[in-house]
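Peer 1: Take this sequence and fold it.
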Amino acid sequence: MKNTPKIAIVGAGIAGLSCTKRLKDAGLDTVLFDKSRGPAGRMSTRRGNDWQCDHGAQYFTARDPAFRAEVARWQAAGVADLWQPRLAILGGAETREPDQGHERFVGVPRMTAPARHLADGLPLSAQTTIQTLHCGPDGWCLSSIEQGVLATRFDAILLAVPAPQAEPLLRVPAPRLAALAGRAVMRGSWALMLRYDTPLTLAFDAAFVNAGPLRWVARDNSKPGRGPKETWLLHASATWSEAHIEDSPEAVAATLLQAFIKLGAPAPQAWTAHRWRYADTEPALDNVCAWDADLRIGLCGDWLNGGKVEGAWQSGQRLAEQLMQSLAWPGNTSP
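Peer 2: Predicted structure coming up:
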């Protein structure tokens with residue numbers, strides 16, 4: 001009986017979780033590393049004493065049948081639900097209601113819930129920042145900032161991190177994949193979380209904004225499973241964010257609050273700013289994933305597959321399948 005291959009996955013966002021779970025369900029020996037305290041990536045929620053706010057991905061759609069089935073499993077587990085906000089499009093030539101044809105889903109009771117559900121039972125090594133990869137005669141060797149050289153050797157390495165974080169890791173051991181990551185242009189985004197003592201009387205719960213520094217605003221407590229605290233999320237546009245990515249939180253907040261006030265909102269009682277250095281890819285690549293069978297190293301992530309939550313999940317699934325095919329490992333086709 002052949003030994004079970006040992007696989008390292010770096011990055012515990014949706015792509016890395018999707019990939020790891022697929023491999024573990026098929027019987028492979030996996031270890032998932034992430035620099036943060038827990039899983040979720042950009043499906044993130046900030047929490048305070050009496051408030052919470054999704055400050056990364058705001059919702060997700062499900063068009064692919066396989067991903068729709070996955071979302072149905074999340075709903076059955078109570079970690080996702082439909083969000084049906086009063087939605088508007090503001091700015092530009094007109095103000096109007098958008099096409100309501102797309103179902104929008106959110107994590108319940110917060111956006112991190114689907115990721116934590118996927119991570120349940122997976123071997124996650126949190127607060128482990130991988131800084132070097134080396135392929136030797138006995139397999140792949142990793143080192144982290146926190147632990148130095150890791151004792152375990154791996155048969156394959158899968159990176160599920162933003163392209164700017166993957167590229168320096170790949171330069172020496174896998175220059176072809178490093179070049180692919182280097183072609184991805186990832187843009188930053190500023191997020192501003194607002195708290196109010198009383199509900200706002202705006203005519204919408206969420207809106208796409210097509211003028212000024214804002215791109216999206218949403219009443220976070222309009223999402224299912226949230227508490228009563230009136231909380232709003234403002235996302236700046238990618239163009240504005242990139243131009244102001246090194247500005248202070250105070251300067252960013254002043255500009256974004258003024259733009260929100262112009263939409264009819266009052267000043268908040270409190271605010272918190274968050275800078276996403278790698279929010280999206282422009283344009284998003286359509287590789288789905290990347291796998292080097294000779295080196296046994298691969299890439300997955302939303303930046304390789306359209307830039308959405310669904311694309312991230314699909315990318316992780318595809319990379320897992322390519323690895324198993326390369327290893328001639330019988331995949332488990334059950335959910």
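Peer 1: Outline the domain layout of this structure.
Peer 2: 6-41+117-184+284-326, 70-116+186-281 (automatic domain parsing).
Peer 1: Trp190 sits in which helix or strand?
Peer 2: Using DSSP states H and E, Trp190 maps to strand 186-196.
Peer 1: Over to Ile9?
Peer 2: Assigned by DSSP H and E, Ile9 falls in strand 6-10.
Peer 1: Can you lay out the domains of the chain as a markdown table showing mean neighbour count?
Peer 2: C-beta: built from backbone N, CA, C; applies to glycine. Output for the domains of the chain, formatted as a markdown table (neighbours: other Cβ atoms under 10 Å):
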| stretch | mean neighbour count |
| --- | --- |
| domain 6-41+117-184+284-326 | 21 |
| domain 70-116+186-281 | 18 |
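Peer 1: Out of the ones you listed, which is closest to Ala62?
Peer 2: The closest of those to Ala62 is domain 70-116+186-281. By Cβ to Cβ, the value is 4.6 Å.
Peer 1: Now the terminal residues of that closest one, how far apart.
Peer 2: Domain 70-116+186-281 has an end-to-end distance of 25 Å (criterion: Cα to Cα, to the nearest Å).
Peer 1: Surely Val185 and Ala284 touch.
Peer 2: No: if you go by Cβ atoms under 8 Å, Val185 and Ala284 don't touch, sitting 9.9 Å apart.
Peer 1: Kindly provide the distance from the residue nearest to Trp303 when sequence neighbours are not counted to Ala156.
Peer 2: Take Trp303 and drop its neighbours on the chain: the residue closest to it by Cβ to Cβ, 6 or more residues apart in numbering is Thr281, 4.2 Å away. Going from Thr281 to Ala156 by Cβ to Cβ, to the nearest Å gives 25 Å.
Peer 1: now the helices for the stretch 51-200 of the chain?
Peer 2: Taking DSSP state H, counting those that start in this stretch as the test, the helices found in the stretch 51-200 of the chain are 65-76, 113-119, 163-170, 175-183.
Peer 1: Contacts made by the longest one with the rest, please.
Peer 2: Identification of contacts with helix 65-76 by Cβ atoms under 8 Å, 6 or more residues apart in numbering yields 60, 62, 80-81, 105, 107, 113-114, 117, 310, 313-314, 317, 335.
Peer 1: switch the cut-off to 7 Å
Peer 2: Ala62, Ala80, Asp81, Phe105, Pro114, His117, Glu310, Trp313, Gln314, Pro335 (Cβ atoms under 7 Å, 6 or more residues apart in numbering).
Peer 1: Note down every partner strand of the strand or helix carrying Arg46 and its orientation.
Peer 2: In the assignment (DSSP H and E), Arg46 maps to strand 45-47. Strand 45-47 has its sheet partners listed here by DSSP bridges as strand 52-54 (antiparallel).
Peer 1: Let me see the mean pLDDT of the partner strand.
Peer 2: For strand 52-54, the mean pLDDT works out to 98.
Peer 1: cool, and stretch 135-154?
Peer 2: Averaged across stretch 135-154, pLDDT comes to 96.
Peer 1: Quote the end-to-end distance of that stretch.
Peer 2: 9 Å.
Peer 1: now that stretch, how far from the centre of its chain.
Peer 2: Remark: stretch 135-154 is offset 26 Å from the chain centroid, using Cα atoms, centre = their mean, to the nearest Å.
Peer 1: quick one: contacts of it?
Peer 2: Counting by Cβ under 7 Å, 6+ apart, 6-8, 127-134, 155, 157, 173, 295 sit against stretch 135-154.
Peer 1: how about 8 Å then?
Peer 2: Contacts for stretch 135-154 (Cβ under 8 Å, 6+ apart): 6-8, 10, 31, 33, 127-134, 155-157, 173, 295-297.
Peer 1: Could you pick out which of those are located in strands?
Peer 2: Those of these mapping onto strands are 6-8, 10, 31, 33, 130-134, 156-157, 297, per DSSP state E.
Peer 1: which one of these is nearest Leu122?
Peer 2: Val31 (9.1 Å).
Peer 1: Kindly provide the distance from the closest one to Lys6.
Peer 2: Taking Cβ to Cβ, one finds Val31 at 7 Å from Lys6.
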